[in-house]
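K.L.:
Provided below are the primary sequence and the corresponding predicted coordinates.
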Amino acid sequence: MFHILIVDDDTAGCRTLQLHLRGQGHAPNTAHSVDEALAAARADRPDLIIMDIRMPGRSGLEGLELFRAEFPGSPVIMITAFHDMESTIEAMQKGATDYIHKPIDIDELDLAVAKALAQTGERIAMTTGTRELPGRHAMVGRSRAMKEVFKIIGLVAKSPATVLITGDSGTGKELVARAVHGAGQHPDGPFVVVNCAALVETLLESDMFGHERGAFTGALNRQAGKFALARGGTIFLDEIGELSPAMQAKLLRVLQYKEFMPLGSQQVETTDARILAATNQDLAQRVRDGGFRKDLFFRLQVVNIHLPPLRERMEDLPELVETLLGRIARETNRRTIQLATDVMECLSAYQWPGNVRELENRLMKAVALSTGATISRDHFTPDICTSLAPEQAPTPLGCPVAELSLAQVERQHVRRVLDATGWHKGRACEILGVSRPRLRRLIRDHELIQPEDSSFDSEASAPAVDDGSAGA
């Protein structure tokens, strides 16, 4: 039983909603203004607030801001008789969980209430804001593999040795480069990044070494290159495996003699910049295949720091998630973000082919799609949780299977099949062995919510299974 606070100056409407919600097994209370509702909420904190927008005194939108600030864990559903786009957008931006128009469709209300209360009933794995966040470029990890990375950084940072950083895309190679620079002899010097894969050869050469006026079409002024700008600091050559043979030869000279020549110039310049490089390619194999110079490879790999993929250091996942959610909360002006326990179970079972960068992007999207304080499974695409083995999949209430009712087990199974098929009705019917009308009733009866980015194909074919419901 949940405590629900209904806020509306329409006393008859309040009474109707109160009777309906009481019939659903909840404990509804009513208030007829924002100030009255705040007093009631302070006396008995509600699990859910249903609030009208247009009321005398403070408007519902003003009340929404007050409730979100004072009761961040209580979701708010806004109701209104007006159908203007601006109010809908403003309500969602201010943190409303849902937005329902009058006259209220009871089925729509019941779905919105069930979805909101599911968030309040979820076990919480972690809450942001509980500890001080590391800096934006700080690295996070307590696994043995990451401790080895930290050790190597500490050993080589003070030396001028060239460092080659390897690892899959998204593992954080630039963070390692910044850590080496920050712990080095010139931490206050410039840290200059060159993306070797982003520019065509002529522009890349100009970007690295600079050019004189008139060196090529469009060169209207003299421009210093990145090696000149990095004097007294560090230059980071990202995606160095993408260099052409000609650029490899020119870079080799810089590594050997610390000398370079800007395009269109006859004057040799020098640099004292510390050189760090990174790649997600196997440069040793590239050398064997003839695609990368052997002498350049050995010049780059004076010291090698290899970053393991996220799937090989999953013990770091909780700290990574907490840190990333904390940063996202700060960047999106959220006071706190809570993560449901079953979400962490899903994240732990996923293989993360895009590594930490993918984790950050997935969390950012989930936060953007959420309106309340809690991130649930519904805020992630189905592929995240379908990686769970059947015996690992979280139950609806986080309970052991033996403690679940038949209806709860059925709900969980139907939801997992729908998520696994991307909410494709035809394929879900085939797997479940039910007719299309039966599947529709299961979705309705179990209050299953379709993710926004799934492709529910209502026209897809489904088998004509006679389960006794075709004539219902």
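P.N.:
That came through, no problem.
K.L.:
How many residues are close by the residue lying closest to Asp272 once chain neighbours are set aside?
P.N.:
Computed as C-beta to C-beta, 6 or more residues apart in numbering, the closest residue to Asp272 that is not its neighbour in sequence is Arg231, at 5.9 Å. (Glycine included, C-beta is placed from N, CA and C.) Neighbours of Arg231 under the rule other C-beta atoms under 10 Å: 17.
K.L.:
Would you mind measuring from Pro46 to Ile6?
P.N.:
Between Pro46 and Ile6 the distance is 9 Å, computed by C-beta to C-beta, to the nearest Å.
K.L.:
Please enumerate the shared neighbours of those two.
P.N.:
Jointly contacting Pro46 and Ile6 under the rule C-beta atoms under 8 Å, 6 or more residues apart in numbering are Asn29.
K.L.:
in this protein, what spans have low per-residue confidence?
P.N.:
Counting by pLDDT under 70, the chain has low-confidence residues at 84, 119-137, 372, 386-406, 451-472.
K.L.:
At the geometric centre of it, which residue do we find?
P.N.:
Geometric centre of the chain, nearest residue: Leu363, 1.9 Å, by C-alpha atoms, centre = their mean.
K.L.:
Give me the three-state assignment for that residue.
P.N.:
The three-state label given to Leu363 by DSSP: H, G, I helix; E, B strand; the rest coil is helix.
K.L.:
Is the nearest residue to it once chain neighbours are set aside within a helix or a strand, and which one?
P.N.:
Using C-beta to C-beta, 6+ apart and skipping the chain neighbours, the partner closest in space to Leu363 is Leu324 (5.3 Å). Element membership for Leu324, per DSSP states H and E: helix 317-331.
K.L.:
and that helix, how far out from the chain's middle?
P.N.:
Offset of helix 317-331 from its chain centre (C-alpha atoms, centre = their mean, to the nearest Å): 9 Å.
K.L.:
For whichever helix or strand comes after that helix, which strands pair with it and how are they oriented?
P.N.:
Note on helix 317-331: by DSSP H and E, the next helix or strand toward the C-terminus is strand 338-340. Here strand 338-340 has these sheet partners by DSSP bridges: strand 124-127 (antiparallel), strand 374-375 (parallel).
K.L.:
Against which helices or strands is the helix or strand immediately after strand 338-340 in the chain packed?
P.N.:
The first helix or strand that comes after strand 338-340 along the chain, using DSSP H and E, is helix 341-349. Contact here means 3 or more C-beta pairs under 8 Å, 6 or more residues apart in numbering; DSSP states H and E; on that basis helix 341-349 packs against strand 124-127, helix 317-331, helix 382-385.
K.L.:
Need those in CSV (columns: mean neighbour count and distance to Arg142).
P.N.:
Formatted as CSV, these follow (neighbours: other C-beta atoms under 10 Å; distance: least, C-beta to C-beta, whole Å):
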stretch, mean neighbour count, distance to Arg142
strand 124-127, 17, 15
helix 317-331, 19, 7
helix 382-385, 18, 23
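K.L.:
Could you point out which of the ones you listed sits nearest Leu448?
P.N.:
helix 382-385 (12.3 Å; C-beta to C-beta).
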